[in-house]
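> Compute the structure for the input listed below.
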Amino acid sequence: MDPHPPSSPGYSPSPSPSPSLSRPVNDFPDDLELTYDELKEKVYELNNRLFHYISDQDTLIEQVEESRGLAETYQEKAIRLKEVIKEQRGMIKKLEKSLSDERGDVDELLSSINALQTKLEIEQATNESNKKLINRLEEKVRQYTLEASMATQDSEGLELYKNTPNAGEHKEIARPTNRKRSRAKANEAAAKYRASHRSILSEKERLRRLRKQTKQNRDE
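Numbers count the residues shown, from 1 in each chain. Sure, this is the predicted structure:
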């Protein structure tokens, strides 16, 4: 409230700036010989100083309250920020663990791929070797089959000759030496046929096993 009502003497429409409070209040003359008007003027001046002092105090209080509110707001924001940082650190740790697990899975997968690739290369080499071996075995089977056929033909030819009419009239056959030689040749042919037949069966069994293994490797 304005300390100088409009009807009061010495009223000033615009209050002067707040004077320094360091100025002594007791600045009256030593002789204290003041007139009533001078004393009233001093009282108005003191009131004016007090008014500005109170106004300044109110302003300072408002500024302090505002600063205190801002400080509380900043403190709340700081607390919330700490919580967010803590949550983010937790998420980062989870992501690091997940990344580590995934890296382990990738390494394991790469190891499996390398092992499978090595196995495939070995199986391919084995298949190529088996193919070459199969070709050699097939060639042996054909050779043994031819030898068995020739031995059969020799044996059948000899039997056919022995059963031919008038065979005994030939001097070469009539001789004992020639008969022993013919018998030995027939026995040799029969033994060669049996050996060739056994070889054919053995090689055919090896061929069957190799083809089966090659098919399994190709399917895998």
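> pLDDT averaged over stretch 116-132, what's the number?
Predicted confidence along stretch 116-132 averages 80 (mean pLDDT).
> now swap in stretch 68-84 and tell me
In the prediction, stretch 68-84 has an average pLDDT of 90.
> Sort out which residues of it are buried, please.
By 16 or more other C-beta atoms under 10 Å, stretch 68-84 has no buried positions at all. Using the backbone N, CA and C atoms, a C-beta is placed for each residue, glycine as well.
> hey, where'd the helices end up in the protein?
36-162, 171-174, 176-219 (DSSP state H).
> most tightly surrounded among those helices?
Ranked by mean neighbour count, the helices of the chain are led by helix 176-219 with a mean of 14 (mean count of other C-beta atoms under 10 Å).
> Look up the pLDDT of Leu21 for me, please.
As predicted, Leu21 sits at a pLDDT of 44.
> re earlier: can you tell me which of the helices of the chain has the worst average pLDDT?
Averaging pLDDT over each of those puts helix 171-174 lowest, since it has a mean of 41.
> now Glu123: how far from Gln57?
97 Å (C-beta to C-beta, to the nearest Å).
> And Leu133, by the same measure?
Taken as C-beta to C-beta, the span from Leu133 to Gln57 is 111 Å.
> Report whether the expected contact of Leu210 with Asn130 is present.
Yes - between Leu210 and Asn130 there is a contact under C-beta atoms under 8 Å: 4.9 Å.
> For Ile200, which non-adjacent residue is closest in space?
Closest residue to Ile200 apart from its sequence neighbours, by C-beta to C-beta, 6 or more residues apart in numbering: Tyr144 at 4.8 Å.
> so the one you found touches Leu201, yeah?
No - using C-beta under 8 Å, Tyr144 is not in contact with Leu201, being 9.6 Å away.
> one step back: for Leu81, see how far away the residue nearest to Ile200 is.
From Tyr144 to Leu81 the distance is 91 Å (C-beta to C-beta).
> just Ala115 next, same as before
In terms of C-beta to C-beta, Ala115 sits 50 Å off from Leu81.
> same thing with Asn48?
Applying C-beta to C-beta to Asn48 and Leu81 gives a distance of 48 Å.
> Good, we can wrap up now.
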